[in-house]
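1. build me a model:
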Amino acid sequence: AMRKWAIGFLALSLVAVALPAAAAGDFEFETDGQVRARLDWFDSASGSDDTTSVWPFRANIGLSGSFNELFSAYIELQASGYFGDGNNGLQSYPGPSGGNVDLYQAYATLDTDRWDFKFGRMEHQIGNELIIGNNSFYNGLSFDGIHANAEWDSWGLDLMLFKIAETEGAGFPFGSNSDDTNLYGIDVYFNIGNSTLTPYLIWLRDDQDGALRRDIGTFGALWQRPTQDNSGWDLSLELAGQFGENGQGMATVDNKGMIFEGWFGWTFGNAGRIHIGTLYATGTDDLTENGWQPLLEDGHAYNRLGNLDLFSAGLTGSSGMSNIQDINVGYTWGPSADSKHQFYAALHNFTIDETVVAADDDIGIELDVTYNYEIVQNSQLQIGAAFLSAGDALGANAEDIMRVWVQIESSWGNRKPWTSIGQQAG
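-> Sure thing, here's the model as predicted:
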């Protein structure tokens with residue numbers, strides 16, 4: 001409770017300072033925000049009475065201030081949780097501890113002629129968010145640290161140093177070892193004709209002792225060629241490998257995982273777009289080597305591994321986006337950029353990369369359908385459904401799995417929708 005009061009007081013203090021200053025002409029400020037509520041219904045393979053529903057919500061409000069040509073700042077508060085989680089002052093199961101209000105972003109920016117520097121807490125993405133994303137369909141993902149960006153005529157680069165976890169032993173700050181988790185990275189992007197090539201190098205270092213220690217290097221490249229003038233072909237290819245080792249002493253395991261994601265699409269003007277794609281992440285076939293280890297990806301973006309989200313989350317949850325292959329086809333329809341209606345459908349075939357002896361590798365086939373309707377400008381309704389026909393890899397008597405959701409989302413200021421059809425169209 002004290003933390004929430006502190007965050008609220010900080011926000012009010014910034015507003016109180018910003019408004020008089022803006023009125024006096026000292027600097028410019030703008031607000032932005034977004035509100036979303038969703039009904040999520042699941043029919044899972046957990047038993048005879050296995051249906052459940054939840055109402056997740058997310059609300060953000062931001063304030064940006066420009067002090068002069070060099071300096072600006074941004075602060076964003078976020079509230080997220082579930083309807084009935086008790087955070088509205090009512091006692092409800094599982095008690096009043098559900099839901100939260102957090103400082104989602106807070107950073108200062110130094111903008112020079114060539115370089116931009118951000119200091120604080122911020123979102124960050126690389127390419128299609130296969131390695132680092134913002135997890136926008138759920139409650140987002142932000143990083144504490146420093147980010148630098150520079151651009152030239154046909155290329156640019158990003159440098160990042162993020163603190164993922166601050167962990168100190170007893171007796172801090174004297175006589176204790178640091179067990180922090182840090183993320184270091186660089187990506188360089190080259191604009192080549194109608195395409196963009198983005199090689200990158202990411203290093204995750206977790207200094208915990210023993211088997212929990214992680215030293216994961218990730219190197220890869222993404223090539224993107226978007227559709228031109230709403231017609232013709234588009235292509236996205238991304239390949240990444242890992243190196244380093246986890247653990248200490250005799251318990252070390254080498255990191256030699258690999259992931260590939262790609263799709264080829266063709267747009268027929270107002271008649272829509274078709275695509276074929278795949279995602280392949282290696283599994284472990286040797287106790288001395290790790291398969292692909294997910295980092296901080298957005299597992300829902302671009303219909304990645306289907307909208308059931310069975311295999312996503314990486315360090316933010318399960319590590320299921322590994323040891324899997326997905327072959328998918330899809331169709332997107334939206335008559336024009338100004339259309340109020342958008343539709344998306346995709347079919348995924350999932351198999352396991354590495355299985356134990358005599359085990360089946362067929363996870364199943366998933367069908368995803370999503371419809372967006374723009375109610376008014378900056379407000380949209382989304383209805384989606386996902387159905388998995390369970391394969392033998394889930395068990396001889398495994399049941400099919402289904403998800404249906406309905407959500408409404410509104411935004412204002414310089415904000416884009418969190419969940420657009422564009423992010424569905426992998």
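
2. which residues touch the closest residue to Q105 other than its chain neighbours?
-> Excluding the flanking residues, the one nearest Q105 by Cβ to Cβ, 6 or more residues apart in numbering is E76, at 4.0 Å. In this view, the C-beta of every residue, glycine as well, is placed from N, C-alpha and C. Residues in contact with E76, defined by Cβ atoms under 8 Å, 6 or more residues apart in numbering, are 60-63, 103-106.

3. so where's the stretch 251-400 of the chain shaky on pLDDT?
-> Scanning the stretch 251-400 of the chain with the threshold set as pLDDT under 70 gives 287, 312-320, 335-337, 356-359.

4. redo that, cut-off 50
-> 313-318 (pLDDT under 50).

5. tell me where it has strands.
-> Secondary structure of the stretch 251-400 of the chain by DSSP state E, counting those that start in this stretch: the strands cover 253-255, 258-268, 273-281, 289-290, 324-333, 341-352, 362-376, 379-390.

6. right, and these - which one's nearest G140?
-> Evaluated with Cβ to Cβ, the strands of the stretch 251-400 of the chain place strand 379-390 nearest to G140, the distance being 17.2 Å.

7. and that closest one with strand 341-352, angle?
-> If you take axes from the mean of the first three to the mean of the last three Cα atoms, to 10 degrees, strand 379-390 sits at 30 degrees to strand 341-352.

8. what about N328, neighbour count?
-> Neighbour count for N328, taken as other Cβ atoms under 10 Å: 22.

9. ok, it to E129 distance?
-> Using Cβ to Cβ, to the nearest Å, N328 is found at 17 Å from E129.

10. check contacts around S80.
-> If you count contacts by Cβ under 8 Å, 6+ apart, S80 has them with 56-59, 99-100, 102, 139-140.

11. buried subset of those?
-> 56-59, 99, 102, 139-140 (16 or more other Cβ atoms under 10 Å).

12. Q242: which of those residues is nearest?
-> G140 (25.4 Å).

13. using the three-state scheme, assign the residue nearest to Q105.
-> Using DSSP: H, G, I helix; E, B strand; the rest coil, the structure places E76 in strand.

14. now do it against R415, distance only.
-> In terms of Cβ to Cβ, E76 sits 10 Å off from R415.

15. what's the answer for N303, then?
-> 22 Å.

16. where do the strands sit along the stretch 51-200 of the chain?
-> 51-54, 56-66, 71-82, 100-111, 115-122, 143-151, 155-165, 181-192, 195-206.

17. quick one: strands adjacent to the shortest one?
-> Looking back up the chat, that one is strand 51-54. If you go by DSSP bridges, strand 51-54 pairs up with strand 28-43 (antiparallel).

18. now the partner strand: average pLDDT?
-> Here strand 28-43 scores 91 as its mean pLDDT.

19. show me which positions of it end up buried.
-> Buried residues in strand 28-43, counted by 16+ other Cβ under 10 Å: 29, 32-36, 38, 40, 42-43.

20. turn these into CSV, columns for distance to T252.
-> Shown next, in CSV, are the buried residues of strand 28-43 (distance: Cβ to Cβ, whole Å):
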residue, distance to T252
F29, 52
D32, 47
G33, 47
Q34, 44
V35, 47
R36, 44
R38, 43
D40, 41
F42, 39
D43, 43
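
21. neighbours of I363, how many?
-> By the measure other Cβ under 10 Å, the count of residues near I363 is 24.

22. gap between it and G62?
-> I363 is 40 Å from G62, by Cβ to Cβ.

23. G156 too?
-> In terms of Cβ to Cβ, G156 sits 25 Å off from G62.

24. do the same with W203
-> 30 Å.

25. of those two, give the one with the bigger neighbour count.
-> G62 (20 against 16).

26. please verify my assumption that the more buried one contacts A106.
-> No: between G62 and A106 there is no contact under Cβ atoms under 8 Å: 9.8 Å.

27. so what sits against both of these two?
-> With Cβ under 8 Å, 6+ apart as the test, G62 and A106 both reach 74-76.

28. export these to JSON lines and tack on distance to G247?
-> As requested, the shared contacts of G62 and A106 are exported to JSON lines (distance: Cβ to Cβ, whole Å):
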{"residue": "Y74", "distance to G247": "39"}
{"residue": "I75", "distance to G247": "40"}
{"residue": "E76", "distance to G247": "38"}
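
29. out of these, which is nearest to Y371?
-> Closest approach between the shared contacts of G62 and A106 and Y371, by Cβ to Cβ: E76, at 29.3 Å.

30. bridging residues for the closest one?
-> G62, Q105.

31. I figured T227 hits F268, correct?
-> No: applying Cβ under 8 Å as the test, T227 and F268 come out as separate, 10.4 Å apart.

32. pick out whichever of these two has more residues nearby.
-> Between T227 and F268, counted using other Cβ under 10 Å, the more crowded position is T227 (15 against 12).

33. which residues touch that one?
-> Neighbour list for T227: 233-234, 265, 267, 273 [criterion: Cβ under 8 Å, 6+ apart].

34. hmm, back to that, quick one: the residue nearest to Q105 from M160, how far?
-> 19 Å.

35. got it, and Q228?
-> Separation of Q228 from M160 (Cβ to Cβ): 31 Å.

36. same check on L70?
-> 21 Å.

37. please say which of the two ends up with more neighbours.
-> M160 (21 against 10).

38. so what sits opposite the closest residue to the more buried one other than its chain neighbours in the bridge?
-> Sequence neighbours aside, G185 is the residue nearest to M160 in space, at 4.6 Å (criterion: Cβ to Cβ, 6+ apart). Taking DSSP bridges as the rule, G185 bridges to M160, I202.

39. cool, N100 as well?
-> Beta-bridge partners for N100, by DSSP bridges, are S80.
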